[in-house]
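# Give me a model of this one.
(one chain, ligands or ions: 1)
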Amino acid sequence: VIGDVRYVAPESVSQATAVLAADPGAVVLGGGTWVLPQLVRRERRATVIIDTARLGLTGIRRDGDGLRIGAAVTYSSLAGSELVSAEAPLLTRMAAGITGGVQLRNQATIGGAACYAIPSSDVPACLVALGAELELHSSAGGNGADVRRVTADAFFLDAGRTQLRPGELLVDIVLPSQPRPWGYQKLKLSEGSWPIATAAATPAGGSDVAITLGGVATRPLRITVHNEEEIAAAVREQLSDPWHDVLASAAYRRRVAPVIARRALAEMQQVAT
Ligand SMILES: Cc1cc2nc3c(=O)[nH]c(=O)nc-3n(C[C@H](O)[C@H](O)[C@H](O)COP(=O)(O)OP(=O)(O)OC[C@H]3O[C@@H](n4cnc5c(N)ncnc54)[C@H](O)[C@@H]3O)c2cc1C
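Presented below is the predicted three-dimensional model:
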């Protein structure tokens, strides 16, 4: 107990979800790079902190469903995984390009980034681009576990808002094998800053290309085009309410979104030739 906050480090997902179900003031701790500063600044309150460190969620493996990545896998582990670079190279590039230095990449988890769902994060749009599914566990009150799978596209609702319900824990992220060729580009203010806009280009069947934009709206934005010429109109049509933060205004993001999308498409086409 620290002050009036209890700290628990359960050793199974069912123990963790039981604590989550019992206490509406429970806060899940991934790497803590976002939630701990919030608690310290008193922007968020907790009655109990549930540490995910001992839950065994740091594995990366292939099973019948695809590539299964534990919620507590760090950016460094993602970037260093041969399995990830073989099955989902977009994720390798994304993880290696996260700023904040080696300390941040060693500590912050992909699950924490997904649940936090800040629009200017690299993670939500990459998970949508890859057709990821998020496996959410909750306690069914003595009847074992409730497990549901939500596609990344449905998971991210708005700035900081996801499909995660009270009492639910993100356990795994499941990815199908990544379509090739692909491109991933981003725009940042400086080498060390968060992205202003990201774009992932992947084939979408026939001559269609899916471009998933991050950072430009409150949730990932997916456009489908045949060629570069269609990008500007598709962005104009779908980007009705651009995101704004200290890094860039909504007007700036509206202007750069098609530029970054074109760069991702060009990278994809370059690899293809
Ligand atoms: C200096 C700095 C630079 C950064 N640069 C970038 C960047 O370039 N690109 C980028 O995308 N991001 C960047 N980030 C953000 C970083 O990606 C996030 O801080 C980090 O991924 C959050 O992960 P975490 O494990 O620390 O989450 P935590 O802080 O532990 O948790 C975040 C939220 O998720 C919840 N949560 C965590 N795990 C689970 C779970 N398994 N189930 C349910 N809920 C859970 C927590 O309760 C909390 O609400 C940066 C951050 C810093 C501090």
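# any idea whether the closest residue to the ligand within the stretch 1-150 of the chain is helix, strand or coil?
Per C-beta to the nearest ligand atom, residue 112 is where the stretch 1-150 of the chain lies closest to the ligand, at 2.1 Å. C-beta coordinates here come from the backbone N, C-alpha and C atoms, glycine included. Here residue 112 is helix, with the state taken from DSSP: H, G, I helix; E, B strand; the rest coil.
# same for the host helix or strand of residue 198, what does it pack against?
Assigned by DSSP states H and E, residue 198 belongs to strand 195-203. Strand 195-203 is packed against helix 123-129, strand 183-188, strand 209-214, helix 250-272, with contacts defined by 3 or more C-beta pairs under 8 Å, 6 or more residues apart in numbering; DSSP states H and E.
# and that strand, which residues are buried?
Using 16 or more other C-beta atoms under 10 Å as the test for burial, strand 195-203 gives 195, 196, 197, 198, 199, 200, 201, 202.
# ok, back up a step: got CSV for the helices and strands packed on strand 195-203, with mean neighbour count, distance to residue 37 and mean pLDDT too?
CSV is the format used below for the helices and strands packed on strand 195-203 (neighbours: other C-beta atoms under 10 Å; distance: least, C-beta to C-beta, whole Å; pLDDT from 0 to 100):
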stretch, mean neighbour count, distance to residue 37, mean pLDDT
helix 123-129, 29, 18, 98
strand 183-188, 22, 21, 96
strand 209-214, 26, 22, 98
helix 250-272, 19, 25, 95
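# Let me have those in a markdown table, extended by distance to residue 25.
Shown next, in a markdown table, are those (distance: least, C-beta to C-beta, whole Å):
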| stretch | distance to residue 25 |
| --- | --- |
| helix 123-129 | 26 |
| strand 183-188 | 36 |
| strand 209-214 | 31 |
| helix 250-272 | 35 |
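# still on that earlier bit, could you tell me the angle between the strand holding residue 198 and helix 250-272?
Angle, strand 195-203 to helix 250-272, by axes from the mean of the first three to the mean of the last three C-alpha atoms, to 10 degrees: 40 degrees.
# Let me see the contact set for the residue of the stretch 1-150 of the chain closest to the ligand.
For residue 112, the contacting residues are 30, 31, 32, 33, 34, 35, 71, by C-beta atoms under 8 Å, 6 or more residues apart in numbering.
# Ok, residue 50 next?
By C-beta under 8 Å, 6+ apart, the residues touching residue 50 are 8, 9, 10, 16, 19, 20, 26, 27, 28, 29.
# Can you give me the neighbour number for the third one?
The reference is to residue 10. Residue 10: 18 surrounding residues under other C-beta atoms under 10 Å.
# For the ligand, give me its nearest residue in the stretch 151-273 of the chain.
For the stretch 151-273 of the chain, C-beta to the nearest ligand atom, closest residue to the ligand: residue 170, 3.6 Å.
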